[in-house]
Structures are given as C-alpha cells and as structure tokens.
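Trainee: just need the structure, nothing else, for what follows:
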Amino acid sequence: MRTVGVIASRSAHAEDRRINVTPLIDVVMVLIVFFLIVGKLASDQRSEVDLPPADARPLQSDPSTLIVNIPADRSIVLQSEVLTPTLFASRLREAVGRTPDLRVQIRADRSLAYGDIAPIVRACRDLGVSRIRLAAEGSP
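Mentor: Have a look, this model is predicted:
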C-alpha cells in the first residue's frame, strides 16, 4: 500500500506544475486591441502635405534628363504625348538603352498622392534608373 501513496502524491505534484496560460492569452488580446485602436487613430490623423517651395535655381535642360508630367487626372505625359503605363515602360526602356545614365524628373500635380506616382518610380527603379527627381514649386 505504501507504493500507492507515493504514486498518488507524485500525480498531485504533476498537476501543480502545469502552466496556466489564460492570463497570458488575456494580456495578448488586450495588446492586440490596443494596437488596433492606436493604428486606426494614427491613420485618421494623417493630413495632406503640400510640397515645400524650392530655393534652388532651375535646372538647365539636359539631354540625359527625361521629364515626366503627371497632371491631376493621373495620366502620364511624356513630351506632350499621353501614354499608358505599359507604353511608358517601353519608352523608358528605349531611353535607358540610348542613355545609360538617364535621369528622370517627375512633375506631378500637387493634389496627387504619392501612391499615384509610385508606379512611375517603380518602373524607373525596375529599369535601373537611379536618379529620380520629384519636382517642387520654385520660389518667385
């Protein structure tokens, strides 16, 4: 009988050694809710940012600079020709082939978000153009 008592006492101690994860789960859930609320509040407080005025002198026309205009209607204008994104990519590929150290200057309307010009920047990066300028408003 003595053996049975030892087995019973060992199983009682084994139950005491289990880790209770309920408080851990509660803390994790509170943190998740906290970060969801803070993230929502942070995204709601974003504001529009106007481009700062530039005090630098205007750039001289350079044959190795490709100027891309993006008006408020989000069209891509290259040398007064409206292009689709795929046609722009092919024209950019041709320009990079002619001028390996090509510079691209993007002149976008102030009302556009960066996401509207991101495909142009991505196309330039994919084709190896490392010099990309975003135009700002010049001082009077």
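
Trainee: domain-wise, how is the protein divided?
Mentor: What the record gives for the chain is the domain set 2-44, 65-134, from automatic domain parsing.

Trainee: helices or strands up against the helix or strand residue 118 falls within?
Mentor: Assessed by DSSP states H and E, residue 118 sits inside helix 114-126. If you count contacts as 3 or more Cβ pairs under 8 Å, 6 or more residues apart in numbering; DSSP states H and E, helix 114-126 packs onto strand 65-70, helix 85-98, strand 103-108, strand 131-134. C-beta: built from backbone N, CA, C; applies to glycine.

Trainee: direction included, what does the shortest one pair up with?
Mentor: Looking at strand 131-134 with DSSP bridges, its partner strands are strand 103-108 (parallel).

Trainee: show me what counts as buried in the partner strand.
Mentor: 103-106, 108 (16 or more other Cβ atoms under 10 Å).

Trainee: any idea of the angle it forms with strand 65-70?
Mentor: Counting by axes from the mean of the first three to the mean of the last three Cα atoms, to 10 degrees, strand 103-108 lies at 20 degrees to strand 65-70.

Trainee: show me what strand 103-108 is in contact with.
Mentor: Outside strand 103-108, the residues that touch it by Cβ atoms under 8 Å, 6 or more residues apart in numbering are 59, 62, 64-70, 92, 116-117, 120-121, 124, 129, 131-135.

Trainee: write the ChimeraX selection for whichever of the residues you listed are buried.
Mentor: To isolate the buried ones among the contacts of strand 103-108 in ChimeraX, judged by 16+ other Cβ under 10 Å, type:
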select :66,67,68,69,70,92,117,120,121,124,129,132
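
Trainee: who touches the helix holding residue 118?
Mentor: By Cβ under 8 Å, 6+ apart, the list of residues contacting helix 114-126 reads 68, 70, 74, 76, 85, 88-89, 92, 104, 106, 108, 132, 134.

Trainee: mind redoing it with 10 Å?
Mentor: 49, 66, 68, 70, 72, 74, 76, 85-86, 88-89, 92-93, 96, 102-104, 106-109, 129-132, 134 (Cβ atoms under 10 Å, 6 or more residues apart in numbering).

Trainee: state the mean pLDDT of that helix.
Mentor: Mean pLDDT, helix 114-126: 86.
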